[in-house]
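1. Coordinates only, no sequence provided:
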C-alpha cells in the first residue's frame, strides 16, 4: 500500500505523532490463542490522534491491512519524506476528523512494524521467533487490540474502520465485542476469502518458501529471502489493481526505451513497476510476517467462527450500525461479497448502509483519495456521533 | 419538499419504521427523520444519489428495489413507500406483495395516465402522449406501465389487499404546491397516492 501514501494536497495534517508501545500477557499470564497455544509477552505498537473526550465517547479504531502499520496519519519527524498511510482520510476536518474524534491505530499482532511477530526476539531463547511464533488468527489480533483498549481505559468505540484484511478485523470486532462497538465501516472486504484470494496468497507464500534464503523461516542472522518476498509482493500488487487500472496506468508502454531489449530485462512499464514495488517492499517488511498474516486472512471465516457456518447467525450477535463500501473494479474482494454481508445484516434487522463506489483502481481504491469515500465516511460518522449523544 | 411527498409525510405516524423504495437523494426520509423522528431506510439504485443520502446521515442501501426488499423479515417496517416508481416496475403484483410482507402498510404513488390532457393528446393528435409528468417518447421511456387511478384501485382488490386511504392530487413534477382533487379524480389528478393495507388488519 505504501506506493499511495501521499501528502494531503491542502497540507492539512495531524502533525507530529509518536509511536507508542503496550506490552501485556507477560508470563505466567500468557494469552491463550485460538490454536490452543499460550503466548506472551505480546507488545502492540500504536498511535493516537486527536483528543479523547471526557466521557470517552469519541473513539475511532482504525484497523490496517496486510502490510500496514500503526502509522495511519501525521509525521514522526518534520523531515519524514512520507506521512502515515491514511493521511488523506485522517486529520483535522477530513473524512475521519481528528478535531472531533480520538483516533487509535495499532499494528496487528504478528506483523513486523513494532508489534510482536516472528521477527521479534523470543525472550526465552534470545533469538527471533521465526517459525516458533504461533499461528495467530484474526480473532487473536482483535483480542490483542481489545487488550490495548482495556489498557487505555476505553469501553466503547464509536466506530471501527478498516479495509481489506482490516475490514475482516472490523467484522471480527463487531461479532466478538458487540457491546463495545457502536458502528462499523468495513471497506472492500469479505466475511471469508474466496478460493481466488486464497490461491493468490498461496502462490505468494510459496514464492517466499521456495527462496533458499528462507531456510524454514530461520534467516534472521544471514541473507533474507528477498527474492521470494519481492515476488510475493508483485503478485499482491496485481491483485490490488484491475484489468482496467493496469490498462490505464501502463498499457503496453515500454519503460525508458523505444523498442524491446530482446532479453529478460524489464521492457514494459508494468514489469518495471512490479519489480520496483517488490524491491522497496523487502526493505520494510518481514517475509515470515507476510506468511503469518496471509494465513490468518485465509483462515478468517466469520460465519464459521461466530455463526456455526452461517453468516446470518454470525451477524445476529452484532449490534453495530454499519456502513459497507465496495468498489466496482475490485476483483480481490468483489462487490458480491459485500452484498452477501449486507444481506445477512438486513436479515437481522441491523441498521446498514451500503454503497458500491464506481472506481477503476481495483482493490486499492479504498486507499486512494476519493471525495466520494471521504464524504460517505464523514456523513456516516457525524450521524453516529450525534445519535450516540442523543 | 415536493407536494406529493408532503402528502405522504402527513400520513406517517411519528417514530414509525419506514422503508423508502427508490428514495432518490433522500428528501422524504430526511424530512421524516428530522420532523417525525422516524427510523428510516432507503433503497436506491444510483451510486451518486446513494452517497448523497449517506452524507446527509440517512441509512440507505444501493441496489435494485425488487431484489433488496426480499431480505427483510416480515413486518420489519410500519410503512413501505413506493413513490413515483410503480409505473417502472416489471412485476407490480410481486412487488406489492413484498411491500405488504415486509411492511404493515404500503404507500404507493404514480402519475395518473387518465388525466384529461393525456386523453386529449391521444384523441386529438394521435401521437403517444407527452406531459410534464410523463415526459418521455415511447422509445425511451422507463415507464413501462400505464396506470390510472381506477386501474390501481382494481389492481389492489385483485391482488387481495385493500385501500386504507387515498389522495388524488394535482401538482407538477417538482412542485412544492398542489391541490387535492375531489371531483372527477381520474380526469383531473396528475398523481394518485394510495395507502394499501392487509385484510387482517
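-> Right, received. Where do you want to start? Predicted model, so just to flag it, every value in this text is computed and none were measured.

2. Against chain A, how distant is the residue most central in space within chain B?
-> Nearest to the mean C-alpha position of chain B, counting by Cα atoms, centre = their mean, stands residue B:83 at 2.0 Å. Look at residue B:83 and chain A: by Cβ to the nearest Cβ, to the nearest Å, they are 20 Å apart. C-beta coordinates here come from the backbone N, C-alpha and C atoms, glycine included.

3. So what sits opposite that residue in the bridge?
-> With DSSP bridges as the criterion, residue B:83 is bridged to residue B:109.

4. Could you list the contact residues of chain B toward chain A?
-> By Cβ under 8 Å from any Cβ of the partner chain, the residues of chain B that approach chain A are B:41, B:47, B:50-51, B:53-63, B:68, B:71-73, B:76.

5. Among those residues, which lie within helices?
-> Residues of those located in helices (DSSP state H): B:47, B:50, B:51, B:53, B:54, B:55, B:68.

6. Would you mind giving me the ChimeraX syntax to select the buried ones in these?
-> Typed into ChimeraX, the line below selects the buried ones among those, using 16 or more other Cβ atoms under 10 Å in any protein chain shown:
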select /B:50,51,53,54,55,68
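
7. Distance to residue A:359 and pLDDT added to the ones in helices among the residues of chain B next to chain A, as JSON lines?
-> JSON lines is the format used below for these (distance: Cβ to Cβ, whole Å; pLDDT from 0 to 100):
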{"residue": "B:47", "distance to residue A:359": "10", "pLDDT": "97"}
{"residue": "B:50", "distance to residue A:359": "14", "pLDDT": "98"}
{"residue": "B:51", "distance to residue A:359": "12", "pLDDT": "97"}
{"residue": "B:53", "distance to residue A:359": "19", "pLDDT": "98"}
{"residue": "B:54", "distance to residue A:359": "16", "pLDDT": "98"}
{"residue": "B:55", "distance to residue A:359": "17", "pLDDT": "97"}
{"residue": "B:68", "distance to residue A:359": "22", "pLDDT": "96"}
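
8. wait, which of the ones in helices among the residues of chain B next to chain A is closest to chain A?
-> Lowest distance from chain A to those (Cβ to the nearest Cβ) belongs to residue B:55, with 3.5 Å.

9. and that closest one, what is it in contact with?
-> Going by Cβ atoms under 8 Å, 6 or more residues apart in numbering or on different chains, residue B:55 touches A:375, A:376, A:378, A:379.

10. and the residues you listed, which are buried?
-> Buried subset of those (neighbour count, 16+ other Cβ under 10 Å): A:376, A:378, A:379.

11. near chain B, which of these show up?
-> Restricting the buried ones among the contacts of residue B:55 to those near chain B by Cβ under 8 Å from any Cβ leaves A:376, A:378, A:379.

12. and the first one, what helix or strand is that in?
-> The reference is to residue A:376. Under the criterion of DSSP states H and E, residue A:376 resides in helix A:371-389.

13. quick revisit: need the max-distance pair from the contacts of residue B:55.
-> Greatest spacing in the contacts of residue B:55, by Cβ to Cβ: A:376 and A:378 (7.3 Å).

14. separation between residue B:27 and chain A?
-> The gap separating residue B:27 from chain A is 15 Å, by Cβ to the nearest Cβ.
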